[in-house]
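Participant: Sequence below, structure please.
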Amino acid sequence: MSKTKKKRRKPLRERRLPRGPNGGIQLLLIQNVEPLGKQGDIVEVRPGYANNYLLPQGLATIATEHHKRMIEKHRARLQEIERARLASLRAEAERLAQQSVTIEANATDEGHLYGSVGPNDIAKALKAQGFHVAPEQVRLQGPLKELGLYTVKVHLGQEIEAEVNVWVVPAVGQEPSGSAEQPPAQE
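Facilitator: I've put the predicted structure just below:
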């Protein structure tokens, strides 16, 4: 009777991701991650951030010696791709700066909104005009709570921002602010 040998798996501690000098996980960024770094950077992050976000989303990979050598070889090409991306962002910022957005909202006679206009409303209005803007990219000091014209910054990435004029106007069927109401007709 012959016994077959089972292949033993490595213990969990040997299969863990490689640690960096500060005790975090060293990863190579495949794409730009806004607060962390640019494509091709080697970063050190906490294990949970690496395992739960960066690796499953395909934003980073393990920083092996092979990957480091490949990045060095392709660094010039990566810089050219980054320059092209920045040029397209600048062109998008110029197009955005020429736009104005009109958002209808319910308001009182004095011009105060019943609700407020926030980043979601502005991003939705920009998408209706053909711009791909996420609500996180719209930078407001606070929600817009009155009728009027506002200048809102839209962050497109890497210090590129565009200013968009946002008109907050009374909803259709509502009288403009400041006009006198007509008393109901008596029969």
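
Participant: What are the buried residues along the longest helix anywhere in the chain?
Facilitator: Ordering each helix of the chain by length in residues (DSSP state H) puts helix 65-97 first. Using 16 or more other C-beta atoms under 10 Å as the test for burial, helix 65-97 gives 67, 71, 89, 92-93, 96. (Each C-beta comes from the backbone N, C-alpha and C, glycine too.)

Participant: Using JSON lines, lay out these together with pLDDT and distance to E34.
Facilitator: Conversion of the buried residues of helix 65-97 to JSON lines gives the following (pLDDT from 0 to 100; distance: C-beta to C-beta, whole Å):
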{"residue": "H67", "pLDDT": "83", "distance to E34": "22"}
{"residue": "I71", "pLDDT": "81", "distance to E34": "20"}
{"residue": "L89", "pLDDT": "90", "distance to E34": "13"}
{"residue": "E92", "pLDDT": "91", "distance to E34": "16"}
{"residue": "A93", "pLDDT": "91", "distance to E34": "16"}
{"residue": "L96", "pLDDT": "91", "distance to E34": "18"}
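
Participant: so which two of these are the farthest from each other?
Facilitator: Across the buried residues of helix 65-97, the longest distance by C-beta to C-beta is 36.1 Å; it joins H67 and L96.

Participant: Which element is encountered next along the chain beyond the helix or strand of the chain with the lowest mean pLDDT?
Facilitator: Lowest on mean pLDDT, DSSP states H and E among the helices and strands of the chain sits helix 12-15, with a mean of 46. Next helix or strand after helix 12-15 toward the C-terminus (DSSP states H and E): strand 25-29.

Participant: in that following strand, what's buried?
Facilitator: Under 16+ other C-beta under 10 Å, the buried positions of strand 25-29 are 25-29.

Participant: Could you report the neighbour count for the nearest residue to A93 once chain neighbours are set aside?
Facilitator: Using C-beta to C-beta, 6 or more residues apart in numbering and skipping the chain neighbours, the partner closest in space to A93 is A162 (3.9 Å). A total of 22 residues lie near A162 under the criterion other C-beta atoms under 10 Å.

Participant: before we move on, back to that, now for the buried residues of strand 25-29, which pair is the farthest apart?
Facilitator: For these, the maximum inter-member distance is 12.5 Å, found between I25 and L29 (C-beta to C-beta).
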